[in-house]
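K.L.:
take this sequence and fold it.
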Amino acid sequence: MTMTVFDELRERGLLAQLTDEEEIRELINNGKAVFYIGFDPTADSLHVGHFMALCLMKRLQMAGNKPIALIGGGTAMIGDPSGRSDLRTMMTTEMIDHNCECFKKQMSRFIEFGEGRNDEDHSKAIMVNNADWLRGLNYIEFIRDIGVHFSVNRMLTAECYRQRMEKGLSFLEFNYMIMQSYDFLQLYEKYGCNMQFGGDDQWSNMLGGTELIRRKLGKDAYAMTITLLLNSEGKKMGKTQKGAVWLDPQKTSPYEFYQYWRNVADADVIKCLKMLTFLPLEQIKEMESWEGSQLNQAKEILAYELTQLVHGTEEAEKAQESARALFAGGGNAADMPVCELTETDFTDGKIDILGVLVKAGLTASRSEARRAVEQGGVTVEGEKVTDIKTSYEPSQFADGIVVKRGKKSFKRVVLA
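P.N.:
Numbers count the residues shown, from 1 in each chain. Presented below is the predicted three-dimensional model:
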């Protein structure tokens with residue numbers, strides 16, 4: 001017996017909270033869900049935090065359901081208080097519109113968008129911007145028509161507001177739940193949207209929407225939250241020391257993206273394979289018993305699959321070859337992060353290893369570089385460097401040399 005879409009979502013550990021399991025199961029298994037997921041256009045690229053939502057949209061569209069990507073062009077002018085301790089910076093319409101364009105391009109790798117709004121094919125995705133109905137609202141009409149359905153006492157019990165109450169919650173942010181609920185009502189009326197998905201931290205806002213539809217229209221709509229992608233220490237995944245892991249190759253190269261997943265903790269690899277890849281569950285279950293070097297193989301599979309999803313097969317293969325070349329200790333694979341030296345970096349025609357490490361950003365200072373060399377943590381072209389006086393001439397950088405600190409930090413250093 002083949003597994004239904006709903007059962008597969010559960011089996012992969014994606015489902016958190018649901019308003020009505022039976023109805024939701026029925027709708028998504030039969031391709032009858034018209035569902036939306038909201039995206040905040042606060043940057044010009046999506047990041048790993050959006051990955052789960054994109055994969056969910058793809059899975060559901062493959063089963064015949066219709067995705068609506070809702071861009072929060074109107075709500076971005078307010079800012080969502082969920083999971084935040086500070087007030088968001090306001091954005092201009094131009095910034096928001098530019099970011100929306102970038103999002104659509106990235107989303108098209110995951111889901112198929114239709115040409116028109118009333119596309120023949122039911123499951124083609126559409127992208128809409130809540131600025132279309134939020135920016136022109138009349139305040140008095142809005143609070144009389146919509147605000148009357150919300151109880152302040154009940155809103156204040158919502159987790160997202162409780163966290164902010166200690167630091168001070170502005171009235172601007174307090175409106176967020178009402179706005180998000182109004183979005184759901186609008187999408188229900190305009191596009192027959194009967195379901196909303198989002199991260200588990202959005203639960204109260206989503207319930208606000210189903211309740212508003214029931215009160216205004218006497219109809220049922222449904223909400224389901226997806227498990228947040230946390231590592232084994234309970235922290236959100238997708239952050240590095242340099243910041244977010246972006247889906248835009250200009251912000252996070254395919255190589256760095258690959259390396260991020262190649263380096264996940266042993267405890268997280270199976271969970272990531274289940275939640276984020278489209279590999280069959282049977283194949284992933286076989287990996288559950290893997291240990292040691294086999295686990296590294298599982299991480300390679302994870303990194304390859306996700307890089308292929310976001311950047312395509314060619315980039316995924318290039319990234320994998322580069323990573324393997326580096327691991328083998330040689331490899332001048334062209335796709336590695338590069339540091340360029342100029343004439344001014346050389347003194348009397350030479351640069352020492354400490355200077356190379358600092359210039360490449362592998363250490364913050366010469367003293368940190370000295371310690372790294374003395375502790376045996378530095379290799380150049382696969383050979384360990386133990387003498388801090390080791391120096392290099394410009395000609396040695398003509399084809400680039402791979403400088404590595406520890407297991408995971410490296411640069412291909414070339415002469416500009």
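
K.L.:
low-confidence ranges in the stretch 101-250 of the chain?
P.N.:
Along the stretch 101-250 of the chain, the parts satisfying pLDDT under 70 run over 115-121, 240-242.

K.L.:
now the helices: where do they sit in it?
P.N.:
Counting by DSSP state H, counting those that start in this stretch, the stretch 101-250 of the chain forms helices over residues 131-134, 139-145, 152-155, 159-165, 171-174, 176-191, 203-217, given from the N-terminal end onward.

K.L.:
one more: the stretch 251-400 of the chain?
P.N.:
Taking DSSP H, counting those that start in this stretch as the criterion, the stretch 251-400 of the chain carries its helices at 254-262, 269-276, 281-287, 293-311, 313-328, 353-359, 366-374.

K.L.:
ok now the last one, how far from the chain's centre?
P.N.:
Same thing as helix 366-374. Taking CA atoms, centre = their mean, to the nearest Å, one finds the center of helix 366-374 at 35 Å from the center of the full chain.

K.L.:
list the helices and strands it packs on?
P.N.:
In this structure, helix 366-374 packs against helix 353-359, with contacts taken as 3 or more CB pairs under 8 Å, 6 or more residues apart in numbering; DSSP states H and E. For the C-beta atoms, the positions are set from N, CA and C on the backbone; glycine is no exception.

K.L.:
model confidence over the helix it packs on, on average?
P.N.:
Looking at helix 353-359 alone, the average pLDDT works out to 91.

K.L.:
so for A223, which of the helices of the stretch 101-250 of the chain sits nearest?
P.N.:
Closest to A223 of these, according to CB to CB: helix 203-217, at 3.8 Å.

K.L.:
determine which residue lies closest to the centroid of the chain.
P.N.:
V48 (1.7 Å; CA atoms, centre = their mean).

K.L.:
distance of A131 from G72?
P.N.:
Distance from A131 to G72, counting by CB to CB, to the nearest Å: 8 Å.

K.L.:
compare the two and say which is more crowded by neighbours.
P.N.:
Neighbour count, other CB atoms under 10 Å: between A131 and G72, G72 has more, with 25 against 20.

K.L.:
any idea how many residues pack against the closest residue to that one other than its chain neighbours?
P.N.:
Using CB to CB, 6 or more residues apart in numbering and skipping the chain neighbours, the partner closest in space to G72 is D40 (5.0 Å). If you count neighbours by other CB under 10 Å, D40 ends up with 18.

K.L.:
any idea how far D40 lies from G73?
P.N.:
Distance, D40 to G73, using CB to CB: 10 Å.

K.L.:
just confirm the residue nearest to the centre of the chain contacts L228, I think it does.
P.N.:
No - checked against CB atoms under 8 Å, the pair V48 and L228 is beyond contact range at 11.8 Å.

K.L.:
for L217, find the nearest of the helices of the stretch 251-400 of the chain.
P.N.:
Each of those has some distance to L217 by CB to CB; the shortest is helix 269-276, at 34.2 Å.

K.L.:
relative to helix 254-262, how tilted is the closest one?
P.N.:
Relative orientation of helix 269-276 and helix 254-262, computed by axes from the mean of the first three to the mean of the last three CA atoms, to 10 degrees: 120 degrees.

K.L.:
helices or strands next to helix 269-276 in the packing?
P.N.:
helix 51-62, helix 281-287, helix 293-311.

K.L.:
give me the residues contacting it.
P.N.:
Applying CB atoms under 8 Å, 6 or more residues apart in numbering, the contact partners of helix 269-276 are 11-14, 51-52, 55, 227, 229, 237, 261, 264, 279, 281, 284, 287-288, 295, 298-299, 301-302, 305-306.

K.L.:
and with 6 Å instead?
P.N.:
R12, G13, L14, C55, I284, E288, A298, K299, L302 (CB atoms under 6 Å, 6 or more residues apart in numbering).

K.L.:
how close does the fourth one get to T75?
P.N.:
Translated: C55. With distances taken as CB to CB, C55 is found 23 Å from T75.

K.L.:
export only the CA atoms of stretch 97-107, formatted as PDB.
P.N.:
Coordinates of each C-alpha in stretch 97-107 appear next as PDB, following Å, rounded to 0.1, in the frame of the first residue of the first chain:
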ATOM      1  CA  ASP A  97       9.000  45.200  -4.400                       C
ATOM      2  CA  HIS A  98      12.600  44.400  -5.400                       C
ATOM      3  CA  ASN A  99      12.900  41.700  -2.800                       C
ATOM      4  CA  CYS A 100       9.600  40.100  -4.000                       C
ATOM      5  CA  GLU A 101      11.100  39.800  -7.500                       C
ATOM      6  CA  CYS A 102      14.100  38.000  -6.100                       C
ATOM      7  CA  PHE A 103      12.000  35.600  -4.100                       C
ATOM      8  CA  LYS A 104       9.900  34.600  -7.100                       C
ATOM      9  CA  LYS A 105      13.000  33.700  -9.000                       C
ATOM     10  CA  GLN A 106      14.300  31.500  -6.200                       C
ATOM     11  CA  MET A 107      10.900  29.900  -5.500                       C
END
